[in-house]
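J.: Turn this into a model:
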Amino acid sequence: MTKRRFRVRVTVSRQHGEKLITVQLDIPESIVKSLRLPAPEVEPRLRTELAVALYAQGILPFGKASELAGLSRFAFADLVAQRNIPLHYTEEELAQDLDYARLQ
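T.: Numbers count the residues shown, from 1 in each chain. All right, here's what the predicted structure looks like:
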């Protein structure tokens, strides 16, 4: 029996002049089948969990984590608060939020 390995593939393309990087994570079918989620919820849930984990570890800033999760900043803040993950704001993120608030 051969052990399946996780693979990550990265490809770069352009769409509407913007550079897009696609990251594909291959997960063994046995693990996907073990997820206790309906099939349509798997991808958005994994994106959300990845975003929360990367934010909690300080790898991804708040705004980009909320974007990865596909949630508004308010919804992402609620999710982070529900999980007792402290907000870590940089001065740059604060400036971005203030700019955003001024436009509203």
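
J.: shaky segments in this structure?
T.: 1-8 (pLDDT under 70).

J.: Tell me where it has strands.
T.: In the chain, the strands defined using DSSP state E lie at 7-15, 18-26.

J.: Show me how far the last one is from its chain's centre.
T.: This points to strand 18-26. 13 Å (CA atoms, centre = their mean, to the nearest Å).

J.: Output the contacting helices and strands for it.
T.: With contacts defined as 3 or more CB pairs under 8 Å, 6 or more residues apart in numbering; DSSP states H and E, strand 18-26 has these neighbours: strand 7-15. For glycine as for every other residue, the C-beta is placed from the backbone atoms N, C-alpha and C.

J.: Remind me what the strand it packs on packs against, helices and strands.
T.: Using 3+ CB pairs under 8 Å, 6+ apart: strand 7-15 touches strand 18-26.

J.: Pull up the pairing partners for the strand it packs on, direction included.
T.: strand 7-15 (antiparallel) (DSSP bridges).

J.: contacting residues around P44?
T.: Each residue near P44 by CB atoms under 8 Å, 6 or more residues apart in numbering is listed here: G70.

J.: From L20, how far out is it?
T.: 19 Å (CB to CB, to the nearest Å).

J.: repeat for R47
T.: In terms of CB to CB, R47 sits 15 Å off from L20.

J.: Can you pick out the residue with more neighbours from the two?
T.: R47 (14 against 10; other CB atoms under 10 Å).

J.: That one is in contact with E67, isn't it?
T.: No - R47 lies out of contact with E67 (CB atoms under 8 Å); the separation is 10.1 Å.

J.: tell me how far the helix ranked longest in the chain is from the chain's mean position?
T.: Criterion DSSP state H: the longest helix present in the chain is helix 39-56. Counting by CA atoms, centre = their mean, helix 39-56 is centred 6 Å from the centre of its parent chain.
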